[in-house]
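prediction below, plus the sequence it came from.
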Amino acid sequence: MARKFLVDLDLNQNQLLNGVIHKGTSEPTSAVEGQIFFNTSEDKLKIYDGSAWIVLQDNASALLSDLNDTDIQSVADAQVLIYNSSTGKWENKTLSGDISVDNTGAVTINDGAVQFDDIDSNAISSDLANDASSTKVARADAVKSYVDNAVATTDAFTLKGEIDASTNPDYPAADAGDAYVISVAGKVGWTNGTPVEVGDMIICKQDGTASWDEATVGDKWIKIQRNTDYATTDVMGLVKLATQAEAEAKSDTQKVVTPATLVNYTKRFSQAFGNTTDTSYTITHNLDNKFVVAKVYDSSTGAEVETDITLIDNNSLRVDVSTAPGDNALTIAIIG
């Protein structure tokens, strides 16, 4: 018995423990590129490359068979292996001066061991805005200059202070990113301005915006309101949580029902099963709903296990497993 998955199985970088590769005496006839199979008659692991089955062990052996004595060298202290593209071989190179490596592979670089004067000028970038490359080293001053320029040109959010709106002041002169918090309620943008409350915020969205009224510069500002009215079916706003009694009364149109207050409306059923003999079990839940949600767990550990579940009718379902479980070894939980 096998469970079919109609989507990719993403383990999110978790291990696949005690797994076995698909195996048999002959390879599947309908294979897709990347499919893996272990041929038990040949004792070989194979992968399908899109047109044929490739033996993984043979490829690894072929790679190793190409090596000869001159390709394998022992490395002494203070040496590293460097690939020589001219000869196509790895060669021993001895380190000296302020850079050293011991026989454990630990590399030590003393202070001042690498300086810009030691690096080819063509491999150094002093202007990251126009000369950024994956093959070059950036100077510290080039990095600072690039970051400073980026911050200056991205209209970063800057909290400039507070505004007392009780006298209906004009918007202040500002650049994009300048923000002010309202400390006293009133209007901002003169008497024709936007009503604001304590804690509201205004943010300028255009450089060089002059200090003026709502009609002149109001469209250059973003207004963020902290306080709102109670929500309705037409207005987005604040809400209160319903009590259990209010949720069960089902009459209040301004209270929000939480998962806790829904407890009386959720139908649940659980039952242990297993008898060391059968591999198929019919579970009668009587929830009057065919399309219930059901999961099976190990009765002793509480760990979720995979089974085949078939929804039969409004009051029952069937659980199938490959191997007969022990007495009440499994427990099914159903929500309907």
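Ah, there it is.

please make it C-alpha for all contacts and neighbour counts, starting now.
Noted.

how about Glu33: what's its closest non-neighbour residue?
Gly50 (4.2 Å; Cα to Cα, 6 or more residues apart in numbering).

quick one: the strands in the stretch 51-200 of the chain?
Secondary structure of the stretch 51-200 of the chain (DSSP state E, counting those that start in this stretch): strands at 53-55, 79-84, 89-94, 99-101, 107-109, 124-125, 137-138, 158-164, 178-184, 186-188, 194-196.

which outside residues touch the first one?
Right, the one you point to is strand 53-55. Residues from elsewhere that reach strand 53-55, judged by Cα atoms under 8 Å, 6 or more residues apart in numbering: Glu27, Lys44, Leu45, Lys46, Ile47, Tyr48.

dump those residues to a markdown table, plus distance to Ala329.
Compiled in a markdown table, the contacts of strand 53-55 are given as follows (distance: Cα to Cα, whole Å):
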| residue | distance to Ala329 |
| --- | --- |
| Glu27 | 37 |
| Lys44 | 37 |
| Leu45 | 36 |
| Lys46 | 38 |
| Ile47 | 38 |
| Tyr48 | 40 |
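
what about the nearest residue to Arg268 once chain neighbours are set aside, how many residues close to it?
Using Cα to Cα, 6+ apart and skipping residues adjacent in sequence, the residue nearest Arg268 is Ile335, 4.6 Å away. The local packing of Ile335 (other Cα atoms under 10 Å) involves 16 other residues.

list the contacts of Ile335.
Thr266, Lys267, Arg268, Phe269, Val292, Val293, Ala294.

OK, contacts around the spatially closest residue to the second one that is not a sequence neighbour?
The spatial neighbour of Lys267 that comes closest, neighbours along the chain excluded (Cα to Cα, 6+ apart), is Gly336 at 5.2 Å. By Cα under 8 Å, 6+ apart, the residues touching Gly336 are Thr266, Lys267, Arg268, Leu287, Asp288, Asn289, Phe291, Val292, Val293.

now the helices for the stretch 101-250 of the chain?
140-153, 214-217, 244-249 (DSSP state H, counting those that start in this stretch).

which other residues reach the last one?
Spelled out, it's helix 244-249. Asp252, Val257, Thr261, Leu262.

and for the longest one?
Helix 140-153 is touched from outside by Ser125, Ser126, Asp127, Leu128, Ala129, with contacts defined as Cα under 8 Å, 6+ apart.

once you drop chain neighbours, what's closest to the second one?
Read it as Ser126. Closest to Ser126 by Cα to Cα, 6+ apart is Ala142, at 4.9 Å.

number of residues surrounding the one you found?
When neighbours are counted by other Cα under 10 Å, Ala142 comes out with 15.

check contacts around Ala294.
Neighbours of Ala294 in contact, by Cα under 8 Å, 6+ apart: Ile309, Ile332, Ala333, Ile334, Ile335.

and it, bridged to which residues?
With beta bridges defined as DSSP bridges, Ala294 has these partners: Ile334.

distance of it from Asn122?
Ala294 is 66 Å from Asn122, where distance means Cα to Cα, to the nearest Å.

any chance of the contacts of Ile335 in a markdown table, with pLDDT, secondary structure and distance to Ile54 too?
A markdown table is the format used below for those (pLDDT from 0 to 100; DSSP: H, G, I helix; E, B strand; the rest coil; distance: Cα to Cα, whole Å):
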| residue | pLDDT | secondary structure | distance to Ile54 |
| --- | --- | --- | --- |
| Thr266 | 65 | coil | 54 |
| Lys267 | 78 | coil | 53 |
| Arg268 | 85 | strand | 51 |
| Phe269 | 93 | strand | 51 |
| Val292 | 93 | coil | 45 |
| Val293 | 94 | strand | 43 |
| Ala294 | 96 | strand | 42 |
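
any chance of TSV for those residues, columns distance to Ala215?
Shown next, in TSV, are the contacts of Ile335 (distance: Cα to Cα, whole Å):
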residue	distance to Ala215
Thr266	55
Lys267	58
Arg268	60
Phe269	64
Val292	59
Val293	58
Ala294	61
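
and these, which two are the farthest apart?
Thr266 and Ala294 (13.7 Å; Cα to Cα).

report the two of the contacts of strand 53-55 separated the most.
Among the contacts of strand 53-55, Lys44 and Tyr48 lie farthest apart (Cα to Cα), at 13.0 Å.
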